[in-house]
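Trainee: Sequence and predicted structure below; questions after.
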Amino acid sequence: MAEAAARLGHSALALTDHDGLCGSLAFAHAARAAGVRPITGAEVTLDDGAHLTLLAATAAGYANLCRLITIAHAGTRPPPDRRAVPPRLSLSRLAAHGEGLICLTGCARHGLVPRLVAAGARTEAVAAVSDLVRDLGRANVLVEIQLSHARGDRRLARALSDLAEATGVGCVATGDPHSHSPERALLQDAFVAIQHRLTLDGSEDVRRGNRRSVLRPPAETAALFAAHPEAVARTVGVAERLEFD
């Protein structure tokens, strides 16, 4: 991924694995070797199953991100006669360990704010953004928009952009690449199926979108988000704010 990012002309790239930082060090070394600035983060799962993306802006932010990941995994090893408990994080924990972090409101399908907007719960979405701003600071909360060619994604992106303006926070466009090329999407499908202990046929719903979520050149990404140029431009500003790499 890092080598592809360099080849395509990206100056920075974030790794935001689900509920973990296991690949962050190897990624950082690979990105630096390729001449790309590594951004360290994670997509955490909240108590209600919604997702938030957290980026380490400072060394203190990285320490807090490690602490939050540890908290999320606490209690995930049940007795032998019970099923494993997935990692979960409460918003109160995030508020207590939010220093040095930048928070994006989550992916299009499962993000805390996007899924509320998609469900027509605008009032609840506004409240969720307000709570994050209260806990983390207005400058550290960004409404995230994605365009994965799924049905309704452009309508959702417009609604999220409007929400960002209404709540006075920034809006940022993210690519959410799952692989560096379309050919690797087959391997990503297999990884997702293994993660969920399912067959390829049985995992179609959870791996949907892998073949569309491919790292694109900057110009192609900008063209995809032509209706949201300010959200594309803000990605550069976010990368420049992150002191931890």
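Mentor: Thanks, I have the structure now.

Trainee: Sketch out the low-pLDDT regions of this structure for me.
Mentor: Counting by pLDDT under 70, the chain shows low-confidence ranges at 77-84, 149, 208-211.

Trainee: again, only this time at 80
Mentor: Within the chain, the ranges that satisfy pLDDT under 80 run 75-85, 148-150, 204-212, 245.

Trainee: tell me which strands and helices the longest strand along the chain is in contact with?
Mentor: For the chain, the strand with the greatest residue count under DSSP state E is strand 37-45. When contacts are defined as 3 or more Cβ pairs under 8 Å, 6 or more residues apart in numbering; DSSP states H and E, strand 37-45 packs onto strand 12-18, helix 24-34, strand 51-56, helix 59-73. Backbone N, C-alpha and C define where each C-beta goes, glycine included.

Trainee: quick one, which of the ones you listed is packed in tightest?
Mentor: Sort these by mean neighbour count, taking mean count of other Cβ atoms under 10 Å, and strand 51-56 sits at the top with a mean of 25.

Trainee: Report the inter-axis angle for that strand versus helix 24-34.
Mentor: Put simply, strand 51-56 runs at 60 degrees to helix 24-34, going by axes from the mean of the first three to the mean of the last three Cα atoms, to 10 degrees.

Trainee: residues in contact with the residue most central in space within the chain?
Mentor: Geometric centre of the chain, nearest residue: T53, 4.0 Å, by Cα atoms, centre = their mean. Residues near T53 by Cβ atoms under 8 Å, 6 or more residues apart in numbering: 16, 41-44, 103-107, 111, 144, 174.

Trainee: Closest to L65 out of those?
Mentor: The closest of the contacts of T53 to L65 turns out to be A42 (Cβ to Cβ; 6.2 Å).

Trainee: can you tell me how far E124 sits from L25?
Mentor: 37 Å (Cβ to Cβ, to the nearest Å).

Trainee: sorry, back to before: partners of the longest strand of the chain, with directions?
Mentor: When pairs are called by DSSP bridges, strand 37-45 turns out to pair with strand 12-18 (parallel), strand 51-56 (antiparallel).

Trainee: Dump the C-alpha coordinates for it into CSV.
Mentor: Extracted in CSV, the C-alpha atoms of strand 37-45 (Å, rounded to 0.1, in the frame of the first residue of the first chain):
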residue,chain,number,x,y,z
ARG,A,37,4.2,10.3,5.4
PRO,A,38,2.6,7.6,7.6
ILE,A,39,-0.5,8.5,9.6
THR,A,40,-1.2,6.3,12.6
GLY,A,41,-4.8,5.6,13.6
ALA,A,42,-7.5,3.0,14.2
GLU,A,43,-11.2,2.6,13.5
VAL,A,44,-12.6,1.8,16.9
THR,A,45,-16.0,0.1,17.6
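
Trainee: still on that earlier bit, A222: which of the strands paired with strand 37-45 is closest?
Mentor: It's strand 12-18; of these, that one is closest to A222 (Cβ to Cβ) at 15.0 Å.

Trainee: The closest one versus helix 59-73: what angle between them?
Mentor: Going by the same axes, to 10 degrees, strand 12-18 makes 20 degrees with helix 59-73.

Trainee: Could you list the residues in contact with strand 12-18?
Mentor: With Cβ under 8 Å, 6+ apart as the criterion, strand 12-18 contacts 1-2, 5, 23-24, 27, 31, 36-43, 45, 51, 53-55, 239.

Trainee: re the thing from before, what about the residue lying closest to the residue nearest to the centre of the chain once chain neighbours are set aside, how many neighbours?
Mentor: Of all residues not flanking T53 in the chain, L104 sits nearest, at 3.9 Å (Cβ to Cβ, 6 or more residues apart in numbering). As a burial measure, L104 scores 27 neighbours (other Cβ atoms under 10 Å).

Trainee: Would you state the strands of the chain in chain order?
Mentor: Ranges of strands in the chain, per DSSP E, are 12-18, 37-45, 51-56, 101-104, 141-145, 170-173.
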